[in-house]
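1. Predicted coordinates and the sequence they were generated for:
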Amino acid sequence: MGRKLLLEKAHVEGIRYFDVYRKEGGYRSVEKALKTMSPDQVTEEVKKSGLRGRGGAGFPAGMKWSFLAKPEGVPRHLVCNADESEPGTFKDRYLMEFLPHLLIEGLIVSSYALGSNDTYIYIRGEYAWIVDILEQAITEAENNGFLGKNILGSGFDCMVHVQRGAGAYICGEETALLESLEGKRGNPRIKPPFPAVKGLWDRPTVVNNVETIAAVVPIINDGGEEYAKIGVGKSTGTKLISACGNINKPGVYEIDMTNSVEEFIFSDEFCGGIPNGKKLKACIPGGSSVPILPANLLLKTAKGETRMMNYESLSDGGFATGSMMGSGGFIVFDEDQCVVRNTLTLARFYRHESCGQCSPCREGTGWMEKILHGLEYGKGKMSDIDLLWDIQRKIEGNTICPLGDAAAWPVAAAIRHFRDEFEWHVNNPEEAQRRNYGLAHYADPIHVPA
Amino acid sequence: MIHFSEATKKEAERLIARYPEGKQKSALIPLLHLAQDEFGGWLSPDAMDYVAGLLKLEPIEVYEVATFYSMFNLKPVGHYVFEVCQTGPCMLRGSDAIIDYIKSTLQIGVGETTRDGMFTLKTVECLGACGYAPMMQLGNHYREHLTKEKVDAIIQECRTNAAKNN
Ligand SMILES: Cc1cc2nc3c(=O)[nH]c(=O)nc-3n(C[C@H](O)[C@H](O)[C@H](O)COP(=O)(O)O)c2cc1C
Ligand code: SF4
Ligand code: FES
């Protein structure tokens, strides 16, 4: 049984409300930080913890904080990224819905470290009911003296505001998020300048994911060094994984990054195996943007080592034979699923979500969707597969923001590992058209011992 | 001229006050949500002009934002909007069948509204509920683990509510 730092109290009755949360030891980190530590000491603990950003890129949080510019007389801001739109990812929602005070507590401590007196949570617009939950938690925290002016007599003022988006995946990208927060279209900015220098309203800004901020609470309570003892290597602490697709127990799991992928999928403590006795075919382990892996490469690396649920092991082999931890959106495919159809839905997603600023992304995503549509519905040619490969290669690295890469990688990985399925669609156009709902009767699933 | 009710006006003021002096434009998206809720589920040019006036913006600044975000409806929609997720993880759990079932039950295509103005069907991309798939958004809430029976029950529930409110 792995150690739980974030979700330990998730099932305590009434934990959503201040009184219960406080009784369970909540807001201790605020008392500790504001009464006994300087802002720089808080940052130092976060650095020591080795905490890596949980939004997808895995950038060390403490280092990001120490880059924040601090010009005299200019307000600074912390912005919490709760846009959560990467397909397969629903962990931040779980945290906010069941443990809203954990996020608010983390935000107060982090705002103190960064000197943010007005902190914003940017939440995807569809999570409308969670806005109410968060606002209720903020009001409770304020009524109990943990938000507002002169918190706990420390002289530190802080207010947290919740801003709703309105349906745009691109607003999860930090500079698009800031544009949206300023009341504009979510067009990513050209970097540099980075938000740490010029962010919200041109002021120095740190953008962090919900889970990153929540992890600051145990880091301050127990100390950065204690936190760093959990996990392995540079994968310190615990990580939330939202597991979905063809598994018996979809849901949000907190792991200490010491489990193998096989254990995560098949053990009853986590996903509980594949329904209806089906075999495991493939998995996208870190949200739709990261490479899909066939079962053999998922469970063992190309070197034949057991693949583990942590940053290093999941990316072992690079994109040729590995994938990424990403946002922790873990999508499992059983033997009946069609990789071409799945790739088509993802290509459509990225076409829909491209902001349209750069031509390789705007035109390339639409073109890839069109070709994949043709292949899926029995109108594809063999040369289309190479064309797809060519297009994705020309998008990658040639755009303003990483959405272009995020659109290219799933297509590349699908062709790399499942080229035979694409060819089958070309060779069997009638069956490909007759087929419903991606039932891949033709695919010879990779056999995996139970 | 359309305008907000007193209560909504108060809420708009609260939202605007969260931003520093001179940065009121930041309240635009929250205010468009209020307007869409208050003015029948979509943003008419009048509604957008009204919001522009509240924030002292040029109307074009509002149009360019409203057209960017998929939650804003720029034409009228039915009383109940079924927004069914169709992205990969939901597809793996049968969202295609749910979309087909709604189409045949309500006799409408995606993007269309039933003739009685009651239901609109939209397909949307991942709503962050992939573990509870297939799913849809209805108003401010999610309906998850959808089955054909559940869809039938939701349609019935909407009809009953509509009848009650008349
Ligand atoms: C297209 C795109 C979408 C993104 N969506 C999200 C998101 O929904 N939530 C998130 O926290 N980070 C998202 N990110 C990453 C953010 O840009 C940023 O790196 C992150 O919020 C930083 O927080 P962290 O360091 O705590 O992970 C996205 C990035 C890209 C390029
Ligand atoms: S890569 Fe795509 S989403 Fe990113 S800025 Fe360019 S067009 Fe917009
Ligand atoms: S794919 Fe449907 S909610 Fe994520």
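-> In hand now; what should we look at? Residues are numbered from 1 along each chain as shown, chains lettered A, B, ... in the order given. Ligands and ions are numbered 1, 2, ... in the order given.

2. Point to the residue nearest the middle of chain B.
-> For chain B, residue B:71 is the residue whose C-alpha lies nearest the centre (CA atoms, centre = their mean; 5.4 Å).

3. Now it: phi and psi?
-> phi -80, psi -10 (degrees, to the nearest 10).

4. Next, the contact list for it, please.
-> By CB atoms under 8 Å, 6 or more residues apart in numbering or on different chains, residue B:71 lies in contact with A:125-126, A:166-167, B:33, B:36. Where you see a C-beta, it was placed from the backbone N, CA and C, and this is true even at glycine.

5. out of everything not next to it in sequence, what's closest to it?
-> Among residues not flanking residue B:71 along the chain, residue A:167 sits closest, at 3.7 Å (CB to CB, 6 or more residues apart in numbering or on different chains).

6. Could you do residue A:88 as well?
-> residue A:329 (2.8 Å).

7. so what's residue 69 up against?
-> Assuming you mean chain A. With CB under 8 Å, 6+ apart, residue A:69 has these contacts: A:76, A:196-197, A:204.

8. actually chain B
-> For residue B:69, the contact set (CB under 8 Å, 6+ apart) comprises A:125, A:165-168, A:186, B:29.

9. biggest separation within those residues, which pair?
-> Spanning the widest gap among those are A:125 and A:186, at 11.5 Å by CB to CB.

10. circling back: got phi/psi on the residue nearest to residue A:88?
-> phi -90, psi 110.

11. Count the neighbours of it for me.
-> Residue A:329 has 30 neighbours, counted by other CB atoms under 10 Å in any protein chain shown.

12. Report the separation between it and residue A:271.
-> Between residue A:329 and residue A:271 the distance is 13 Å, computed by CB to CB, to the nearest Å.

13. Domains of chain B: list them as residue ranges, please.
-> B:6-68, B:80-164 (automatic domain parsing).

14. and of those domains, who's closest to ligand 2?
-> domain B:6-68 (11.3 Å; CB to the nearest ligand atom).

15. List the contacts of the residue most central in space within chain A.
-> Centroid-nearest residue in chain A, with CA atoms, centre = their mean: residue A:327, separated by 2.5 Å. The contact partners of residue A:327, by CB under 8 Å, 6+ apart, come to A:54-56, A:86, A:88-89, A:91, A:286-287.

16. Nearest residue to it in space, please, no chain neighbours.
-> Leaving aside its sequence neighbours, residue A:327 sits nearest to residue A:287 (CB to CB, 6+ apart; 4.0 Å).

17. Pull up the per-residue confidence for that neighbour.
-> At residue A:287, the model reports a pLDDT of 97.

18. distance of it from residue A:212?
-> In this view, residue A:287 and residue A:212 are 15 Å apart by CB to CB.

19. circling back to that earlier point, pull up the overlap in contacts between residue A:125 and residue A:186.
-> Common neighbours of residue A:125 and residue A:186, counting by CB under 8 Å, 6+ apart, are A:165, B:69.

20. Pick out whichever of these two has more residues nearby.
-> residue A:186 (26 against 23).

21. ok, the more buried one - contacts?
-> So residue A:186 contacts A:165, A:168, A:170-171, A:173, A:176-177, A:179-180, A:355, B:68-69 (CB under 8 Å, 6+ apart).
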